[in-house]
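J.: Give the three-dimensional model of this entry:
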Amino acid sequence: MTALTTIMGMLPLAFGKANFVGLPYAGLGKTFVGGLLVSTTLTLVVVPLFYTLLDDVGETLRVLVLGRQRHLHTAGSPASRAGVS
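T.: Presented below is the predicted three-dimensional model:
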């Protein structure tokens, strides 16, 4: 949410024609907006996607090499002792 509000707040700076002391700041605004969009996308979409894919690859290798799957219940949990799956 913070990144989204910052991106929205920078849009007038990025696409406006305003100058401050004769210097145009549109390039700075576009750089900020682009950087925030890329970093937010990487953080919220790409990193969890790759984590999930690598976890699946690890699970597949574990099954192929060791011949067993990971159990969701631990041996000492009350559900496993009661025979609940």
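
J.: And for L13, the neighbour number?
T.: By other Cβ atoms under 10 Å, 17 other residues sit near L13. Bear in mind the C-beta positions are built from the backbone N, C-alpha and C, glycine included.

J.: Could you do the one 5 residues further on as well?
T.: When neighbours are defined as other Cβ under 10 Å, A18 has 10 of them.

J.: now it, nearest residue through space, not along the chain?
T.: In space, and not counting its chain neighbours, A18 is closest to Y25: 6.9 Å by Cβ to Cβ, 6 or more residues apart in numbering.

J.: Which phi and psi values does that neighbour adopt?
T.: phi -110, psi 10 (degrees, to the nearest 10).

J.: Verify the stated contact: it with P12.
T.: No: taking contacts as Cβ atoms under 8 Å, Y25 lies outside contact range of P12: 10.3 Å.

J.: overlap in contacts of those two?
T.: Shared contacts of Y25 and P12 (Cβ atoms under 8 Å, 6 or more residues apart in numbering): A18.

J.: Would you mind telling me which of the two has the busier surroundings?
T.: Y25 (15 against 10).

J.: Quick check: the more buried one vs L61, distance?
T.: For Y25, the distance to L61 (Cβ to Cβ, to the nearest Å) stands at 51 Å.

J.: what does P12 give?
T.: 51 Å.

J.: and what of A26?
T.: Where L61 is concerned, A26 sits at a distance of 50 Å (Cβ to Cβ).

J.: cool, V21 as well?
T.: According to Cβ to Cβ, V21 and L61 sit 60 Å apart.

J.: Could you check which of the two is surrounded by more residues?
T.: More neighbours surround L61 than the other of V21 and L61, with 10 against 4 (other Cβ under 10 Å).
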